[in-house]
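> just a sequence and a predicted model for now, questions to come.
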Amino acid sequence: MLNNIGSRVICLGENVASEWILGKEVGDGEDSSRPDSAGARSLLSRIGGGEIVMAGSRFGCGRRGREAAGVLKKAGVACLVARSFDRVFFRAAINQGLPALEADIVGEVADGSVIEIDFEHSRIIVPERVHVVAPFPQRLADVISAGGLLAYVRESLSG
Amino acid sequence: MPRRKIPTKAELIQLQKLYKTDEKIAERLGNITPQLVAYWRRKKNIPRHSFPKFSEQEIRELWERFGDDYRCGLELGISKAAFYNWRRKYGIKHKPAFLKLEQLELNLGGPSRSTGKRHNYGERSVAQKILAERSGEARVDVDEVVEVEPDLAISHDDTADIIERFSDLGLSFVWNPNRLMIPLDHSVPMEAGRLAEAHKVIRDFVRKQNIRCFYEVTEGASHQIVVERGHVLPGQLAVGTDRYVSSSGCIGAFGTSIDETEMAALWASGKIWLKVPQTLKIIINGKPAVGVFAKDIILFAAKKLKKNGANYRAIEFYGTSVSQMTISERFTLTNMAVEIGAKVAICPFDTTTRRYFLGRTKMPFRPALADKDAVYEETYEFNVERIKPQAATPHSIDRVAPVAELEGLPIAQVVIGSCANGRFDDLRVAADIFKGKKVDPDVRVLIFPGSRAVYLEALKKGLIRAFIEAGGTVMNPGIGPYRGDGTSLLAPGERCLATTSDNSRGVMGSPEAEVYLVSPATAAASALRGVITDPTGFVR
């Protein structure tokens, strides 16, 4: 199982589109919440390295899920937490070694606060309380520990 | 030389009853060929011996087992009335003397004796059953992550990229070349030299790996071929790098899409991780009115479910409407289900599916049917008796309006065919509307048959002629226009009616152009008039 991650949290809203993560125009029909006021910095500029990005439903929706996951991984995000993920974005994140945990706590955590994610015991420790979340699947933890899907396959084949 | 003794008519009939085929009769008579026997038969007006489809022993056995016409009929893929006729033919009139356990339908719980592991109570949906079988587990729960070995891995022109990633892993051979399918359907004809190179790489790879299931650029849309040729069977698991792999769900299989890196990993290890999805149940009841087709039904459902109403879910289609649909119409349903976010869409196995495969495959298969007490996340019920033809308006598939409300809007282009509606019956509907008439001179009509087989059949039945005489252009078989290809670009402000499955902004060139998704009937009727037209008056 993955090691604990304790870090600062960046809170986003509902339906955060992959195009928005990349800083591009969002397609029609995808609303995207911009928690900062108009003209504020994009998501990537807020990430220094090691943050946890938290969002609501359908995190990573849109057509560029794969790119967006790659970009977030490269920027050094430690973990993604959301009420629900877009499928392509979720698979891309896991396969590139970026943990993505499903938990419905985005409303209860303040942007910028420090939280700790305990994968072993399936809980998230925020300043006020401890949330119990759905356990993170062991198989996905194995893929992430190996550093991504290709590395995992290479390892499993070399025995 | 003594003259050969020719049997009389009565003798020949008796011989036929005893020995059945011409070959056996010839053998019995000695020194003659079967062709001679056939000649005698023809001269005496004796028809060939027809083997009854079901032997008496089969019928009697089933009857002893179930005692019920409906259930026996289900086993054979015929209706209960048909089974009764067979029973009557063989003179089996009375109920079996000893009632077997199966006939009583007792809910004793636990695995049923007749089917062993595959019992009907376990709260499993079709998706759960198929994933459990392929991952080797007894049972899987929703949201669990399992490692499965798929029955079929489909990749198209992007195989060149996958090959690159695969060779990065340092391996020479794929895990099982018989489970790979590589149809080239995206870059037809070649638009760039780069693609020609890519295709060469793919062909070399296919040869080296000994991949039998390779389709050249002439064959047509991958998903069409998969279902047409029975590459995926009911109860099997298929993964592919294209978006619309779930189309194979129309025959009761689990089809889902993965990306190129995952495909390369799959080629190497033979396994891929999948999350067991929640299942939505969609029940569609009612007989649709004349002029309303499967496309209209699924657009109507998309309106209710919204663009991502089925995100990461599996959908199972039930209802009287679906059970009356042909496999081709179900293909439209499962193909479009991807656009409402579904990961998998399945039309469960029934007699229609069984009949579809009777002549199509010799491979054994075990269909997966949902448990009677399967747990669904949500159930939606629609009655389509009174719905009218629908259209998805720009630029989202859930912005659906009845075509009647859009009548009169001028159009510049009509696309009929492609993956979602490219089968023979779709083309036939359009051709019947075009017959003897000419399309509006201001409208470009492009027709994309789904596959080479469809094209040939359309040619034989005169549909291609009808299209060309009406003024349409028949394109090569394939997936039709998709985002980024150059076959059907629109100028800003132009409006296109298409039977494809994607109407997002910029899918056909200019972001200021408008694409409406409609059924082939609506597309054809509108092509004749030059404006969006309700097809109800045109379809008989």
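That came in fine, so what should we check first?
> and for the closest residue to chain A within the stretch 251-400 of chain B, the neighbour number?
Using Cβ to the nearest Cβ, the single residue of the stretch 251-400 of chain B nearest to chain A is residue B:396, 4.0 Å away. C-betas here are computed from N, CA, C, even on glycine. When neighbours are counted by other Cβ atoms under 10 Å in any protein chain shown, residue B:396 registers 19.
> so which strand or helix has it?
Using DSSP states H and E, residue B:396 sits in no helix or strand.
> so where is the chain shaky, pLDDT-wise?
Looking at chain A here, since you left the chain open. Within chain A, the segments meeting pLDDT under 70 span A:25-41, A:159.
> switch to chain B, please.
In chain B (pLDDT under 70), the answer is B:1, B:98-120, B:187-193, B:484.
> hey, which helix is longest across it?
In chain B, assigned by DSSP state H, the helix with the most residues is helix B:193-209.
> what residues of it count as buried?
Neighbour counts over helix B:193-209 (16 or more other Cβ atoms under 10 Å in any protein chain shown) mark B:195, B:198-199, B:202, B:205-206, B:209 as buried.
> equivalent analysis for stretch B:355-369, please.
Buried residues in stretch B:355-369 (16+ other Cβ under 10 Å): B:356-357, B:365, B:367-369.
> helices of chain A, start to end?
Here chain A has its helices, by DSSP H, at A:18-22, A:43-46, A:65-75, A:87-95, A:138-146, A:149-158.
> tell me the secondary structure for the closest residue in space to residue B:380 that isn't next to it in sequence?
Spatial nearest neighbour of residue B:380, excluding adjacent residues (Cβ to Cβ, 6 or more residues apart in numbering or on different chains): residue B:282 at 5.0 Å. Assigned by DSSP: H, G, I helix; E, B strand; the rest coil, the conformation of residue B:282 is strand.
> what's near enough to touch residue B:444?
Applying Cβ atoms under 8 Å, 6 or more residues apart in numbering or on different chains to residue B:444 gives the contacts B:412-414, B:473.
> max pairwise distance over the residues you listed: which two?
Using Cβ to Cβ, the two most remote members of the contacts of residue B:444 are B:412 and B:473, lying 14.0 Å apart.
> higher neighbour count, the two?
Using other Cβ under 10 Å, the more surrounded residue of residue B:412 and residue B:473 is residue B:412, with 17 against 11.
> the more buried one: what's it in contact with?
For residue B:412, the contact set (Cβ under 8 Å, 6+ apart) comprises B:442-444, B:490-491, B:494-496.
> which residues of chain B lie near chain A?
Within chain B, the positions adjacent to chain A are B:143-147, B:165, B:168-171, B:258-259, B:261-262, B:264-265, B:268-269, B:273, B:275, B:307-308, B:311-312, B:341, B:343, B:395-396, B:398-399, B:504-505 by Cβ under 8 Å from any Cβ of the partner chain.
> cross those against strands and list the overlap.
B:145-147, B:273, B:275 (DSSP state E).
> which bits of chain A sit near chain B?
Contacts of chain A with chain B, taken as Cβ under 8 Å from any Cβ, map to A:27-29, A:58, A:61, A:66, A:84-88, A:90-92, A:95, A:134, A:137-140, A:143, A:149-150, A:152-154, A:156-157.
> how many neighbours does the nearest residue to residue B:376 once chain neighbours are set aside have?
Take residue B:376 and drop its neighbours on the chain: the residue closest to it by Cβ to Cβ, 6+ apart is residue B:281, 4.2 Å away. Neighbours of residue B:281 under the rule other Cβ under 10 Å: 20.
> farthest-apart pair in the ones in strands among the residues of chain B next to chain A, please.
Going by Cβ to Cβ, the pair spanning those furthest: B:147 and B:275, at 11.1 Å.
> so what's the nearest residue in space to residue B:441 that is not next to it in sequence up against?
Closest residue in space to residue B:441, ignoring its immediate chain neighbours: residue B:471 at 7.6 Å, by Cβ to Cβ, 6+ apart. By Cβ under 8 Å, 6+ apart, the residues touching residue B:471 are B:438-439, B:441, B:445.
> helices or strands up against the longest strand seen in chain A?
Longest strand in chain A, counting residues (DSSP E): strand A:5-11. On a contact count with 3 or more Cβ pairs under 8 Å, 6 or more residues apart in numbering or on different chains; DSSP states H and E, strand A:5-11 meets strand A:52-55, strand A:114-118.
> hmm, who's touching the first one?
Strand A:52-55 has contacts (Cβ under 8 Å, 6+ apart) with A:5, A:7-14, A:16, A:43, A:47, A:72, A:77-83, A:105-106, A:109, A:115, A:117.
> for PyMOL, what selects the buried ones among those?
Provided next is the PyMOL selection string for whichever of the contacts of strand A:52-55 are buried by 16+ other Cβ under 10 Å:
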select buried, chain A and resi 5+7+8+9+10+11+12+14+16+43+47+72+77+78+79+80+81+82+83+105+106+109+115+117
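> still on that earlier bit, and the contacts of residue B:412, which of them are in strands?
Using DSSP E, the contacts of residue B:412 in strands are B:444, B:495-496.
> wait, which of those residues is closest to residue B:8?
For the ones in strands among the contacts of residue B:412, the nearest to residue B:8 is residue B:444 (68.8 Å; Cβ to Cβ).
> wait, isn't residue B:245 in contact with residue B:255?
Yes: between residue B:245 and residue B:255 there is a contact under Cβ atoms under 8 Å: 4.4 Å.
> common neighbours of these two, please.
Among the neighbours of residue B:245, those also in contact with residue B:255 (Cβ under 8 Å, 6+ apart) are B:238-239.
> from memory residue B:391 sits against residue B:518, does it?
Yes: using Cβ under 8 Å, residue B:391 is in contact with residue B:518, at 4.7 Å.
> for the residue lying closest to residue B:72 once chain neighbours are set aside, what are its contacts?
Leaving aside its chain neighbours, residue B:72 sits nearest to residue B:62 (4.4 Å; criterion: Cβ to Cβ, 6+ apart). Taking Cβ under 8 Å, 6+ apart, we find residue B:62 in contact with B:72, B:75-76.
> mind putting these in JSON lines, neighbour count and secondary structure included?
Below are the contacts of residue B:62 laid out as JSON lines (neighbours: other Cβ atoms under 10 Å in any protein chain shown; DSSP: H, G, I helix; E, B strand; the rest coil):
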{"residue": "B:72", "neighbour count": "24", "secondary structure": "helix"}
{"residue": "B:75", "neighbour count": "13", "secondary structure": "helix"}
{"residue": "B:76", "neighbour count": "17", "secondary structure": "helix"}
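> return the member of the residues you listed nearest to residue B:8.
Nearest to residue B:8 among the contacts of residue B:62, counting by Cβ to Cβ, is residue B:76 at 38.5 Å.
> wait, the closest one touches residue B:83, no?
Yes: with contacts counted by Cβ under 8 Å, residue B:76 reaches residue B:83, the gap being 6.8 Å.
> circling back to that earlier point, tell me the bridge partners for the residue nearest to residue B:376.
Residue B:281 has these beta-bridge partners by DSSP bridges: residue B:316, residue B:379.
> does it really touch residue B:316, like I thought?
Yes: taking contacts as Cβ under 8 Å, residue B:281 lies within contact range of residue B:316: 5.4 Å.
> give the residues shared as contacts by these two.
Contacts common to residue B:281 and residue B:316, judged by Cβ under 8 Å, 6+ apart, are residue B:376.
> need the contact list for the nearest residue to residue B:151 once chain neighbours are set aside.
Nearest residue to residue B:151, sequence neighbours excluded (Cβ to Cβ, 6+ apart): residue B:236, at 4.1 Å. Contacts for residue B:236 (Cβ under 8 Å, 6+ apart) come out as B:130, B:151-152, B:253-254, B:365.
> now the element after the helix or strand containing residue B:13, going C-ward?
If you go by DSSP H and E, residue B:13 is part of helix B:9-19. Of the helices and strands lying after helix B:9-19 in sequence (DSSP H and E), the nearest is helix B:22-29.
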